[in-house]
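Asker: turn this into a model:
(2 chains)
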Amino acid sequence: MGLDTLIQNFLNALQWGSFYALIALGYTLVYGVLLLINFAHGDIFMVGAYIGFFLATFLLGQYAFSLPFSLSPQVIFIVTLLLTMILTAFAGVTLERVAYRPLRRKGVNRLYVVITALMCGLILENGNLALLGANRRNFPQLLDNTVYSIGGVTFSDVKLLVIFTTIAVFVLLETIVRKTKLGMAMRAISYDRMAVPLMGIPVDTVIVFTFALGSSMAALAGVLFATAYPVLEPYMGALVGWKAFIAAVIGGIGEIRGAFAGGFLLGFVEIFVAAFFPSTLRDLIAFSILLVFLSIKPTGIFGVARATKI
Amino acid sequence: MRRYSPHLFYALLCLLILIAAQGNWLNAYLQLIIMFMGVNIILSTSLNLVNGYMGEFSVGHAGFMAVGAYVTSVLNVWLFTSDRVFGPALLPAKSVIFLFPVTLLIGGIVAAFVGLLVAIPSFKTRGDYLAIITLAVNYIVKSAIENIQVIGGARGFMGMRNIGNAMKEVVNLPWIMIWIFVGTGFSVWVIYRFVNSTYGKGIVAVRDDEIAAEIMGVNTRHMKMVAFMLSSGLAGIAGGLFAHILGYINPGSFTIMKSTEIMVMVYLGGMGSLSGSVLSAIGFTIILELFRPLQVIKWVAIPLLLILLMLFRPEGLLGHRELTDVFPRLRRIFVPQGRRA
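Answerer: Residues are numbered from 1 along each chain as shown, chains lettered A, B, ... in the order given. Take a look at the predicted model:
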């Protein structure tokens, strides 16, 4: 493998890992606050991509009525991205309100909530399939995907956009969690759930904020993913979601740094496996790595084992 | 006499169904549904051992089922039939009538060892990790089968129909159905005896309070492993039987969807309730058949059912109770051995 192929694969891996990292964030945020594995999160990513698709085609005027003004594709892209993030955040919060909160209020076993999350994911997937049918949809091309080539390495501006957005999101989230009051509340809940309401911190608000944050990051990933790979189908979130979850676990679930580290690590592994082995082995190897990793270091890269008090 | 009444009752029921099947009073479709019921009963009771009695959360039961299904099918096709890939039969085709349970058991044992492989890393860690690992194993198994071209890869594996026919040639009986009845009876019996034994009560102790159980001298890690191996082994047997019902399997039948189906059965029937699992497996098989015309909507309706169940009756229909607790009169016929007399 020459140097240029290596750099090429490196760039691809960065892009691929960015998607995992962005989705893994949602898992890790929710787990950090609620100790809940939100298995529906991969499908929130799918919902985000679909909302983005409908918004973009609507703004492009591909439906029965067109807008009185026409926007340039770049503006449409930015508007779509922002609106999708807001709408998907609402979807995530709705899920929390309708399905998880009543269960939490009843104080049932945590496992029931996990099962509910798994079922919500299935409903989102199959509900989409039932509503919109099985035909795939093509995400409209909003950015003129210019391909640059330096040496033997080619990269498009979409690829750069994805990578830089992910890095920006990382910085943003670290700031939110470390520097703001809400972030402090989030960390406090994950540290001691019983004491936090006693200190006058509105737990439900923090939880809603967490879900909104996680879902909007999934939506961001969804729109970026659809821009890079413009084919949408109802099950697109399932496997990517599971793998992002693996990324979150490898990084140490509950840690924002971990989500990014795990996401990029998984991206690298997958791209380089596909470079050396037949690509059908990709899933096999990705999941095997999870197993091996968990048996060696169950807490993940950044996770800290916590002693339970009896 | 009363002690053996459940066994007698079950034997009589099986006999009646067999006579009905043999006398053509049951059409092929109904026979098929009855066979699927049997397989589903094995699956739901065995998952209930881990998810219900032990209170862990295993989500990849279909993976173990796939292991059992493939091992049993490949062994049978390799040993008893002449196949394009595996060459001529190694043993006379007629001997399958004696050796079928052996291959079935081998499938179960291999599945149990895969279960052990899962159990070792996962029980070292916190509870959530079993969910993650079993999920990963489900994908690994499916993906591995898809990549082994000898056994058909993603196209699937067939030829098990000849096994059923070979058994029929020796004695003309619906053999697959007989073995399913035997397997179902065996697995329910094993789990019943296990969870009611002094040794097996350790599992319930682990669920109720792991630390207290450890202090009381229950070897919790050992207990968890035994329960998990038993559960995955029985799932493997169920898989072997499942493969021989239709005579065709493909990796697509052992996805997370299948695991979800099994989970729905367990939680519908009630965690830690054996009779609940049996009843819900029967009921759920019927519901699945009724919903079949709905196609995609089925997969919206089933999860919705489970969510509603979680919201309004999280312990399931018979949570931690048996049928004899709900209808005490049944105790006149079925004496629960040594259980809360």
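Asker: residue boundaries of the helices in the stretch 1-150 of chain A?
Answerer: Using DSSP state H, counting those that start in this stretch, the helices of the stretch 1-150 of chain A run over residues A:3-34, A:41-59, A:73-95, A:101-106, A:110-132.
Asker: so what's the residue in the stretch 1-150 of chain B that chain A sits nearest to up against?
Answerer: For the stretch 1-150 of chain B and chain A, the shortest gap (CB to the nearest CB) falls at B:Pro121, measuring 3.3 Å. Using the backbone N, CA and C atoms, a C-beta is placed for each residue, glycine as well. When the contact criterion is CB atoms under 8 Å, 6 or more residues apart in numbering or on different chains, the partners of B:Pro121 are A:291, A:294-295, A:298, B:133.
Asker: give me the element it is part of.
Answerer: Using DSSP states H and E, the element containing B:Pro121 is helix B:96-122.
Asker: what does the stretch 51-200 of chain A have sitting close to chain B?
Answerer: The stretch 51-200 of chain A comes close to chain B at residues A:99, A:102-103, A:106, A:108-109, A:111-112, A:114-116, A:118-120, A:122-123, A:125-127, A:129-130, as judged by CB under 8 Å from any CB of the partner chain.
Asker: quick check on those residues: which are buried?
Answerer: A:99, A:103, A:108, A:111-112, A:114-116, A:118-120, A:122-123, A:125-127, A:129-130 (16 or more other CB atoms under 10 Å in any protein chain shown).
Asker: please pick out the residue of chain B most distant from its centre.
Answerer: The outermost residue of chain B, judged against the average C-alpha position, is B:Ile215 (32.7 Å), by CA atoms, centre = their mean.
Asker: tell me the secondary structure for the residue nearest the centre of chain B?
Answerer: Nearest residue to the geometric centre of chain B (CA atoms, centre = their mean): B:Leu43, 2.2 Å. Following DSSP: H, G, I helix; E, B strand; the rest coil, we place B:Leu43 in the helix state.
Asker: pLDDT wise, what is it at?
Answerer: Note for B:Leu43: predicted pLDDT of 94.
Asker: go on, the one 4 residues further on?
Answerer: In the prediction, the pLDDT value recorded for B:Leu47 is 93.
Asker: residue contacts, it?
Answerer: Here B:Leu47 is in contact with B:58, B:61, B:231, B:235, B:262-263, B:265-266 (CB under 8 Å, 6+ apart).
Asker: how about 6 Å then?
Answerer: B:61, B:262, B:266 (CB atoms under 6 Å, 6 or more residues apart in numbering or on different chains).
Asker: tell me the one among those nearest to B:Phe36.
Answerer: B:Ile262 (12.4 Å; CB to CB).
Asker: ok, now which ones touch the closest one?
Answerer: B:Ile262 makes contact with B:43, B:47, B:61, according to CB under 6 Å, 6+ apart.
Asker: how about CSV for these, with distance to A:Ala134 added?
Answerer: Below are the contacts of B:Ile262 laid out as CSV (distance: CB to CB, whole Å):
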residue, distance to A:Ala134
B:Leu43, 28
B:Leu47, 30
B:His61, 27
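Asker: re earlier: so what's the residue of the stretch 1-150 of chain B closest to chain A scoring on pLDDT?
Answerer: 76.
Asker: and the helices in chain B, which stretches?
Answerer: Applying DSSP state H to chain B gives helices spanning B:5-22, B:28-48, B:61-80, B:96-122, B:128-147, B:161-170, B:175-196, B:201-208, B:210-215, B:220-246, B:256-269, B:274-291, B:298-312, B:323-326.
Asker: residues of the stretch 201-341 of chain B that sit close to chain A?
Answerer: Selection of the stretch 201-341 of chain B residues close to chain A by CB under 6 Å from any CB of the partner chain yields B:211, B:296-297, B:299-300, B:303, B:306-307, B:310-311, B:314.
Asker: point out where the chain drops to low pLDDT.
Answerer: No chain in the question, so chain A it is. Per-residue confidence for chain A (pLDDT under 70) gives these ranges: A:1, A:64-68, A:305-310.
Asker: nope, chain B please
Answerer: B:1-2, B:123-128, B:332-341.
Asker: give me that answer again for 80
Answerer: The model of chain B has pLDDT under 80 over residues B:1-5, B:81-96, B:121-132, B:171, B:294-296, B:314-341.
Asker: now do B:Ile262 against chain A, distance only.
Answerer: B:Ile262 is 12 Å from chain A, where distance means CB to the nearest CB, to the nearest Å.
Asker: let me fix that, I meant to ask about B:Ser231.
Answerer: 16 Å.
Asker: burial count for that residue?
Answerer: Burial measure for B:Ser231: 30 neighbouring residues, criterion other CB atoms under 10 Å in any protein chain shown.
Asker: my read: it touches B:Asn51, true?
Answerer: No. Checked against CB atoms under 6 Å, the pair B:Ser231 and B:Asn51 is beyond contact range at 8.8 Å.
Asker: please see if stretch B:54-65 touches chain A.
Answerer: Yes. For stretch B:54-65, a contact with chain A is found by CB under 6 Å from any CB, at B:Phe57.
Asker: show residues contacting that stretch.
Answerer: Here stretch B:54-65 makes contact (CB under 6 Å, 6+ apart) with A:111, B:47, B:50-51, B:111, B:115, B:130-131, B:134-135, B:137-138, B:141, B:203, B:206-207, B:227, B:232, B:235-236, B:238-239, B:254, B:258-259, B:262.
Asker: report the contact partners of the closest residue to B:Met229 other than its chain neighbours.
Answerer: Spatial nearest neighbour of B:Met229, excluding adjacent residues (CB to CB, 6 or more residues apart in numbering or on different chains): B:Ala112 at 4.4 Å. Contact partners of B:Ala112, counting by CB under 6 Å, 6+ apart, are B:229, B:232-233.
Asker: relative to A:Glu255, which of those is nearest.
Answerer: The closest of the contacts of B:Ala112, once distances to A:Glu255 are taken by CB to CB, is B:Ser232, at 31.9 Å.
Asker: ok, and the closest non-adjacent residue to that closest one?
Answerer: Nearest residue to B:Ser232, sequence neighbours excluded (CB to CB, 6+ apart): B:Gly115, at 2.9 Å.
Asker: roughly how far does that neighbour sit from B:Gln295?
Answerer: 33 Å (CB to CB, to the nearest Å).
Asker: now do the buried residues in the host helix or strand of A:Thr175.
Answerer: Per DSSP H and E, A:Thr175 falls inside helix A:157-179. For helix A:157-179, a neighbour-count test (16+ other CB under 10 Å) marks A:158-159, A:161-163, A:165-166, A:169-170, A:173, A:176-177 as buried.
Asker: tell me the one of those residues nearest chain B?
Answerer: A:Val177 (21.6 Å).
Asker: neighbours of the nearest residue to the closest one once chain neighbours are set aside, how many?
Answerer: With sequence-adjacent residues excluded and distances taken as CB to CB, 6+ apart, A:Val177 is closest to A:Gly183, at 3.9 Å. Number of residues near A:Gly183 (other CB under 10 Å) recorded here: 19.
Asker: tell me the helices and strands packed up against the helix holding A:Thr175.
Answerer: In terms of contacts (3 or more CB pairs under 6 Å, 6 or more residues apart in numbering or on different chains; DSSP states H and E), helix A:157-179 is packed against helix A:3-34, helix A:203-228, helix A:256-276.
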